[in-house]
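1. predicted structure and sequence below. I'll ask about it afterward.
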Amino acid sequence: MNAELARHMPLFRSLAQNLAAYLFERSAYLRSVRAYMTYQVEYRSGKWMGGTAFLFIGVFFLIGASFSLMFSLYQLLKELTGNVTLSAFVVSWVCIFLGFIFLMFSKKSYSGLASGMTFREWKNREDHRS
């Protein structure tokens with residue numbers, strides 16, 4: 001039982017400190033909580049907007065690549081030459097490459113959106129943004 005209690009001791013200590021801060025300095029505690037919540041909203045909304053922008057750019061490049069691949073296949077069957085077809089084919093693969101890069105950036109932005117942040121990390125914001 002002592003090992004179980006010792007494992008939860010940091011949580012109990014944090015709760016006791018928050019309760020004591022609220023009881024003895026209510027206005028300072030509420031200002032601090034308000035500032036913490038404001039920062040959380042700004043941080044998470046920025047992450048969400050960045051992820052959404054990268055998602056839209058990635059989808060745009062992937063749609064462009066699919067049209068370019070269809071056009072290159074059409075040119076290949078129509079002309080049986082490599083000039084126009086090869087250029088459209090290369091452009092389409094470049095679009096696919098860029099599309100997946102932007103989708104990976106989008107995933108990275110969205111994965112940072114759900115990460116938790118302790119009050120100590122909030123006080124030292126440079127550690128959280130790295």
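-> Yep, it's here. Residues are numbered from 1 along each chain as shown.

2. low-confidence regions, this protein specifically.
-> For the chain, applying pLDDT under 70 flags the ranges 1, 73, 77-85, 87, 112-130.

3. show me the contacts for the residue nearest the centre of the chain.
-> Residue closest to the average C-alpha location in the chain (Cα atoms, centre = their mean): S109, at 1.4 Å. Shown in contact with S109 (Cβ atoms under 8 Å, 6 or more residues apart in numbering): 47-48, 50-51, 54. Using the backbone N, CA and C atoms, a C-beta is placed for each residue, glycine as well.

4. which of these fall in strands?
-> For the contacts of S109, not one is inside strands, with DSSP state E as the criterion.

5. quick one, which of those residues are buried?
-> When these are checked for burial by 16 or more other Cβ atoms under 10 Å, the buried set is 47, 50-51, 54.

6. and L69, how many neighbours?
-> Look at L69: counted by other Cβ atoms under 10 Å, it has 17 neighbours.

7. tell me the one among the buried ones among the contacts of S109 nearest to S68.
-> Comparing these against S68 with Cβ to Cβ places F54 closest, at 20.7 Å.

8. circling back to that earlier point, quickly find the element holding the residue nearest to the centre of the chain.
-> helix 83-113 (DSSP states H and E).

9. just give me how far that helix sits from the chain centre.
-> Between the centre of helix 83-113 and the centre of its host chain there is 18 Å, according to Cα atoms, centre = their mean, to the nearest Å.

10. now swap in stretch 60-70 and tell me
-> Put simply, stretch 60-70 sits 25 Å off its chain's centre (Cα atoms, centre = their mean).
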